[in-house]
Structures are given as structure tokens and as C-alpha cells.
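Engineer: Sequence below, structure please.
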Amino acid sequence: QVQLVESGGGLVQAGGSLNLSCAASGRTPNRYIMGWFRQAPGKEREFVAAYNWNGDGAYYANSVKGRFTISRNNAKNTVYLQMNSLKPEDTAVYYCASANLAIIVTTPWRYSFWGQGTTVTVAS
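Structural biologist: Residues are numbered from 1 along each chain as shown. The predicted structure is shown next:
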């Protein structure tokens, strides 16, 4: 089992920034990816960004590319999501997820473990 705990959500004005963190613990496999998803009220959960723990790099949804940056600290088993130039449409509950896969995937059902979510609200 892998436990994921997110933090860093909050209320921010449009154009502002937030940095989300996701700490992983438990039996993390040797090859796995860490991703961020979000779900706005009344909408489906959507992929935001993911990072291959083996160092193959990051992948972003087009809607956040150039504004969000995913990074990691292997020593702390933590992945971060730096969100800049936030827009009201970024308002959602943000979830951290982990998949025991060697390549990055964007479909939620491929991810086995999920955090409890952290709420991001961007005021216009």
C-alpha cells in the first residue's frame, strides 16, 4: 500500500501562485509515476501533470503547460506542483496519485493510489 498526503491548497487571487506538495509513504515500488489530477464541481477528474520517478521527465496537460511545474524530491518521497498565473478555471480539488507503471499515463483509472485531495480556489 502507498499512502499519499497532499497539502498546500488554499484561496488565491487570479494571477497568483500556490505550491502543492504530495508526500508518499508505505510500500512504494521501484518503478512508478506520480501525478496530479483535479476535479472541479460537476466535472470529471482530469489529468494535470505527472512525473516519472525514474527521471524520464514530466508531462503536462495543455491547459496548464507553461504555468504549472511538477518536481520531485526523491529523498523525501515528495512531489510538488508549483502553480503560477492561476486562473479562476483552475479552481478544483487537486489530487495526488501514484501508478506502478514505468511510463506516464493520463487516465485516472490507471492510478492505483490516491490522496485525499486539497482544495484550490482562484478568485477573479
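Engineer: gap between I104 and P41?
Structural biologist: In this view, I104 and P41 are 27 Å apart by Cβ to Cβ, to the nearest Å. (C-beta placed from N, C-alpha, C; glycine too.)
Engineer: Of the two, which one has the most company?
Structural biologist: I104 (19 against 7; other Cβ atoms under 10 Å).
Engineer: Kindly indicate whether the more buried one is helix, strand or coil.
Structural biologist: When classified by DSSP: H, G, I helix; E, B strand; the rest coil, I104 comes out as coil.
Engineer: residues contacting it?
Structural biologist: Applying Cβ atoms under 8 Å, 6 or more residues apart in numbering, we find I104 in contact with I33, G35, A50, Y51, N52, D56, Y59.
Engineer: same deal with F47?
Structural biologist: G35, F37, A61, T106, T107, P108.
Engineer: How about V12?
Structural biologist: V12 touches L18, L86, V120, T121, V122, A123, counting by Cβ under 8 Å, 6+ apart.
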